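Asker: Whatever this is, show me its structure:
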Amino acid sequence: MSDNVIYSEVFTPCFMPLVFFIPNFHKYGIQIKEGNTNTKEVLDRTITFGYGWAGPSGVTSHTACIKHIDPSSVITGTASGRENLFKFGGWGIRYSFPSKTWAYNARNGQYVEFEETVDTKTTRYRIASENADQVALILRGKMST
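Answerer: Model prediction:
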């Protein structure tokens, strides 16, 4: 990990054999970085999550400033295959109209859900994670480096 990366996870999504010809979906990952390494303030952190050739990057990923995430909106949970299928229509980058949530579903299991507010627009995200509790603590600003 680079000096300014405080959390990183990358893995191959379960559906990768079905999309092997689309390199943007070969890996899924989450990366949380310090924004301003001089201040080391929680609010300077960013989280990048999504898909890419070797981790989250490009048009198949999203980067959010931690200061735009409402700490009270951060929740963790476990999603079954049935829930992912019926709530989001499957795996990958999905949108649920009833819950108005963007899901980065790389597999069944642990997830972190949160709301990002930029200007007046609030967007809800659900991201798969190998260590949802640790990611949630960082997003709530309760875990330092």
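Asker: what's the helix or strand for residue 35?
Answerer: Counting by DSSP states H and E, no helix or strand carries residue 35.
Asker: Please read the previous query as pertaining to residue 8.
Answerer: strand 5-11.
Asker: Output the contacting helices and strands for that strand.
Answerer: strand 27-33, helix 132-139 (3 or more CB pairs under 8 Å, 6 or more residues apart in numbering; DSSP states H and E). Where C-beta positions appear, they are placed from N, C-alpha and C, glycine not excepted.
Asker: Same list (these) but as a markdown table, adding mean pLDDT.
Answerer: Shown next, in a markdown table, are the helices and strands packed on strand 5-11 (pLDDT from 0 to 100):
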| stretch | mean pLDDT |
| --- | --- |
| strand 27-33 | 92 |
| helix 132-139 | 96 |
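Asker: most neighbours per residue, which of these?
Answerer: Using mean count of other CB atoms under 10 Å, the stretch among those with the largest mean neighbour count is strand 27-33, at a mean of 23.
Asker: Which strands border that one, and is each parallel or antiparallel?
Answerer: Using DSSP bridges, the strands paired with strand 27-33 in its sheet are strand 5-11 (antiparallel), strand 46-52 (antiparallel).
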